[in-house]
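Undergrad: Quick one: sequence and predicted model below, then my questions.
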Amino acid sequence: MQRLVILGATGTIGRNTLDVVRRNAQRLEVFGLGAHRDVETLYAQCVEFRPRYAVLADAAAAAALERRLRAAGVDTQVDAGADALAALAAQAQVDQVMAGIVGAAGLLPTLAAVRAGKRVLIANKEPLVMAGALLLAEARRSGATLIPIDSEHNAIFQCLPPGSRCGQAPAGVRRLILTASGGPFRQTPLTELARVTPQQAVRHPNWVMGAKISVDSATMMNKGLELIEASVLYALPDARLDVVIHPQSTVHSLVEYDDGSMLAQLGESDMRVPIAHALAWPERWESGVRGLDLGRLGSLQFEPPDAQRFPCLNLARAALRAGGAMPNVLNAANEIAVEAFLNGALPFTGIVSVIERTLQAAVHQVATADEDLASILAVDAWARARARELIDV
């Protein structure tokens, strides 16, 4: 019986993880659930799964949850705050931690789980983009195991040679190819992009995701962040990482070997597949997802990404090549720009402009990133402040 903590329990990753747990109740115990402020969803999850701990980042929400649980006779211990989330991730009794908190807020609890030597299932890109070197160094020190949950990186993980580990260059691999759906605006005329609304941007054609990651898919910044993440996870340079548009989202990524052969992982567009794989690894458990009907599927389409349509992808490549603090700056500026777009304070095409100008300013104002947490957080704070200034002008 594996004891599991889910950080980001009320989001898409958290809900899908709990569905896999339902199907494997004899193997998994929900030890703790963490979320931001969604009391209603976390209350229902606590009533069903009876975790020992529930933590909300928002103190008022935590107090409301505790009142409701006590009234229902549920004895889950409720705590509040970022420190409590990190402490939950590092609990001695915990075996696995699903790191599914979106954005930079996921860095500290993910780092706590890594430092505590857990099996950490990384579903959020931002900690690896912000602090990949630090996370890998801490994993080597503690003996933590990192397994990616992003459908693309999990697909790569499944196709790598036996014995491969995150943070080490895989033997015999020529390049990694990340697939991208192209999002909702793959065929939208370029002249119309400035007028697209948040409601249109979050309407992903294949996946059901949260608002922020859906916008990242529409700009293709999600793929840019995944390039940086892939470089960290698999210790490969930008020149050996490629992206291809694949509208069906059936092939989730590919690994090309030195002998010219390619291995690809295929499956339905359902996050329960990579979640079940990571929870069970190296075994295979029930996910609740049916297999592909290849006859019905018919054909698969691939095309190169359009740099004019998806300029965020080139910004991410540039940040990866520059290294140092630039991936951290890129991530922070993107979070602020996407938030402004979703709030109606920035047009869709303004997202890339804010990120690009923040990166340009960082060249002169941000020192090369150190691998310590204080420096990483300082760069993140500077980039967010600079991006807000650019939006408010």
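TA: The structure has been received and is ready for your questions.
Undergrad: and stretch 128-142, what's its mean pLDDT?
TA: For stretch 128-142, mean pLDDT is 93.
Undergrad: Alpha carbons only: can I get that stretch in PDB?
TA: Output in PDB follows, covering the C-alpha atoms of stretch 128-142 (Å, rounded to 0.1, in the frame of the first residue of the first chain):
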ATOM      1  CA  LEU A 128      11.600  22.500 -13.500                       C
ATOM      2  CA  VAL A 129      11.700  25.700 -15.600                       C
ATOM      3  CA  MET A 130      12.500  27.900 -12.700                       C
ATOM      4  CA  ALA A 131      14.800  25.700 -10.700                       C
ATOM      5  CA  GLY A 132      15.600  22.600 -12.700                       C
ATOM      6  CA  ALA A 133      19.300  22.500 -11.600                       C
ATOM      7  CA  LEU A 134      18.400  22.900  -8.000                       C
ATOM      8  CA  LEU A 135      15.700  20.200  -8.100                       C
ATOM      9  CA  LEU A 136      18.000  17.700  -9.800                       C
ATOM     10  CA  ALA A 137      20.900  18.400  -7.400                       C
ATOM     11  CA  GLU A 138      18.500  17.900  -4.400                       C
ATOM     12  CA  ALA A 139      17.200  14.700  -6.000                       C
ATOM     13  CA  ARG A 140      20.700  13.300  -6.400                       C
ATOM     14  CA  ARG A 141      21.500  14.100  -2.800                       C
ATOM     15  CA  SER A 142      18.200  12.700  -1.300                       C
END
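Undergrad: domains in this structure, as residue ranges please.
TA: Per automatic domain parsing, the domain ranges recorded for the chain read 2-148, 170-269+289-321, 323-393.
Undergrad: quick one: Asn16 from Ala61, how far?
TA: As judged by C-beta to C-beta, to the nearest Å, Asn16 and Ala61 stand 22 Å apart. Where you see a C-beta, it was placed from the backbone N, CA and C, and this is true even at glycine.
Undergrad: the more surrounded of the two?
TA: Counted by other C-beta atoms under 10 Å, Asn16 and Ala61 do not tie: Asn16 has more neighbours, with 25 against 19.
Undergrad: Quick check: which element contains that one?
TA: According to DSSP states H and E, Asn16 maps onto helix 12-23.
Undergrad: That helix - contacts with which helices or strands?
TA: Where contact means 3 or more C-beta pairs under 8 Å, 6 or more residues apart in numbering; DSSP states H and E, helix 12-23 is packed against strand 2-7, strand 28-35, helix 39-49, strand 96-99, helix 272-280.
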